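1. one predicted model, sequence on top.
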Amino acid sequence: MPLFSATDLESARQRIRQNAWAAEIFAAVRARADHWIACPTNVLHAAGGWVHDFVCPEHWNALTFDPQSPHAHRCLLGETRASEKLDAAWRVLEHRRIANAARDLTLIYGLTGERVYAESAREILLQYALRYPSYAGATDARGWMLKGRVFNQALTEAIWTVPIAHAYDRVRDMLTPNQNARIINALLRPLAATLTNAQADLIAPQNNLKSNYNAWLIAALGVLGYALGDPDLVARQIKIFRAHLSAAILPDGFEYEGAPYYHNFVALAYTIFAEAARANNCDLYAERGAQGQSIEALWRAFATLAYADGSIPAINDGAYYLGAPFATEICETYEIALVRTREPEFAWLIQRHCADKRDTWSALIFAERDLANAPTPRRESVCLRDVGIAVLRDATNAIQVCMPFGAYAGSHSHLDRLAPQIFPFATDPGTPLYGVDARAQWFAQTAAHNAIVVDEKSQSQCAGELIEWRAERDSTTLRLALTDAGVKFSRVCVLSPRAFIDTVTCESDTEHTFDWILHLDGECHFDLVEWLPATGAYQFAQMIARAKSRGVSLEENPTRALVRAVIHHSGKIFSLALTADPASELVRATSPAHVATPRQSRQMVIVRTRARTAGFAAVYDWIE
């Protein structure tokens, strides 16, 4: 039962022969395979730990992975870090590198017939068959983890299993009967047992069918079922896939956690399983959940969020900035999505994320066209009502606004309901790896977002209410409400060509301190403000200066600004006019860096007032 269609493989061979762009993809993957043959690495004797530990404890950025350096790990800012915890995290990346090399080798073998590639992949699989029984990744796993063997986590094991199964699928035709039996009985079937036990624990005792983990357990067990010719294993995974599709995906096509990273994480797993099924005459793309959910709906929902440069808003946990380590996952998914739908928006999305390095395994097999001149599609404002995400756009693309307002959906959610992200100069800071304590202590908290903070405390696990959504030719209006900790909030956002107006009102029966917060990248200069030194609250944010301002009634004079500023970002200039009612204090601070730019702290603007009722208005204009 093959994992790739013979038709897809033959089409790939023809494209490589006939098209320079396809030959370039082939050359890039072949170069990786050739490097492995020239510099092979033995399979590791020890299991991998938790990949989120591979992070600089001081600067919070992921450490630089070097396959030649298992015990010394370099931070992007120059320091070298060393510990067993980091070594265990390094082993996760090395095990995954080896598995991906096995897939590269066998795909090149499948396209060329050159046995040297298959022989190298065979050696990897035989080494893992020898080592798998002795791996003990579960022994030092955290208590909350589903237990693996090659890794602490069964989730990581499932991700690693997919290229292992892909490699076996392509190389089995040149294995001896003894080698084939050894790989099946010592590696693939024990792998299936490990993952089956994890899946059973997730679905039954934990009652967590809709977990994003399950998408990868479905994909890994599904491809193992096809590779092993085990129809019962395949049938069970198709049944669980159908249940997961209905449980984990909302009617608007978005994964229930509302985190774009985990949405595509699930979409990629579904897509991998669907391609294996398709190679065996089973159409999972035609499947529909109880409320019409489908794999194609996942693809489209994610793509609709992209900013003008193709980057994905970093809502909740995860960060898909351009050039991010996870950007490859977008390309892996959308190379297949593009060939199955011919959707121009998908071509543009791949081009933005893979521009100069179109070298994924999925591009090698599935890419049908050159993306060098993929046009930027006209993209309208969108509101995904079920998950609670709106993106406001206009024809200029100068300013775009993403607003999360949906329900708190678990540990990957941030406390940032009704906090607009303003592209390009005031977007979400993203999320560092989970091994960083500040991930929960700062990045998930309300003050890390462009939010209203009450009494210097984060929101509760609340949800906004959509009052009005109106997308017209020349403007988009979004009106939201929220009640939290005794305070009623209303936020009205209007985007028109070159301008964004953001108005907030806060009402309570008792007096509170209200902080209107904006985090800025680039440079921001305030007009005619006399600053005094400042110290103050918010962990991880450093207060720099403050200035007193008198209040202006928004009702009587909504256009009069308390303070004006000019923002410079990416060669563009924007103006900002701020108004507050009643009298307020303006505070400047620095806050932790965006995960994409760990060397650069961000400027934080706070407008603070104390009252029972408060109003804030901000008008952003694109000057040039």
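-> That came through, no problem.

2. give the contact list for residue 385.
-> 252, 466, 469 (C-beta atoms under 8 Å, 6 or more residues apart in numbering). Bear in mind the C-beta positions are built from the backbone N, C-alpha and C, glycine included.

3. let me know the helix or strand that the last one is in.
-> Taking DSSP states H and E as the criterion, the element that holds residue 469 is strand 465-471.

4. can you tell me what sits against that strand?
-> 380-381, 383, 385, 388, 390, 405, 476-482, 490.

5. of the contacts of residue 385, which is the nearest to residue 436?
-> For these, the residue nearest residue 436 by C-beta to C-beta is residue 252; the value is 31.5 Å.

6. in what helix or strand does residue 8 lie?
-> Counting by DSSP H and E, residue 8 is part of helix 6-18.

7. packing partners for that helix?
-> Judged by 3 or more C-beta pairs under 8 Å, 6 or more residues apart in numbering; DSSP states H and E, helix 6-18 is in contact with helix 20-38, helix 84-112, helix 361-366.

8. deepest-packed of those, please.
-> helix 361-366 (a mean of 24; mean count of other C-beta atoms under 10 Å).

9. just to be sure, residue 578 is in a strand?
-> Yes: under DSSP: H, G, I helix; E, B strand; the rest coil, residue 578 falls within a strand.

10. tell me the helices and strands packed up against the helix or strand harbouring residue 301.
-> Secondary structure assigned from DSSP H and E places residue 301 in helix 295-303. Other helices and strands packing on helix 295-303, by 3+ C-beta pairs under 8 Å, 6+ apart, are helix 260-278, helix 327-341, helix 344-354.

11. CA atoms only: put the first one into CSV for me.
-> These are the backbone C-alpha positions of helix 260-278, laid out as CSV (Å, rounded to 0.1, in the frame of the first residue of the first chain):
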residue,chain,number,x,y,z
PRO,A,260,-2.6,29.9,13.5
TYR,A,261,0.5,27.9,14.3
TYR,A,262,-1.6,24.9,15.7
HIS,A,263,-4.1,25.3,12.9
ASN,A,264,-1.5,24.7,10.2
PHE,A,265,0.1,22.0,12.4
VAL,A,266,-3.2,20.1,12.2
ALA,A,267,-3.7,20.9,8.5
LEU,A,268,-0.3,19.5,7.6
ALA,A,269,-0.9,16.3,9.5
TYR,A,270,-4.3,15.9,7.8
THR,A,271,-2.8,16.6,4.4
ILE,A,272,-0.1,14.0,4.8
PHE,A,273,-2.6,11.3,5.8
ALA,A,274,-4.9,12.4,2.9
GLU,A,275,-2.1,12.0,0.4
ALA,A,276,-1.3,8.5,1.6
ALA,A,277,-5.1,7.7,1.5
ARG,A,278,-5.3,9.2,-2.0
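
12. show me what it is packed against.
-> helix 212-228, helix 231-248, helix 295-303, helix 327-341.

13. what does the helix holding residue 8 contact?
-> Contacts for helix 6-18 (C-beta under 8 Å, 6+ apart): 22-23, 25-26, 110-111, 279, 364-368.
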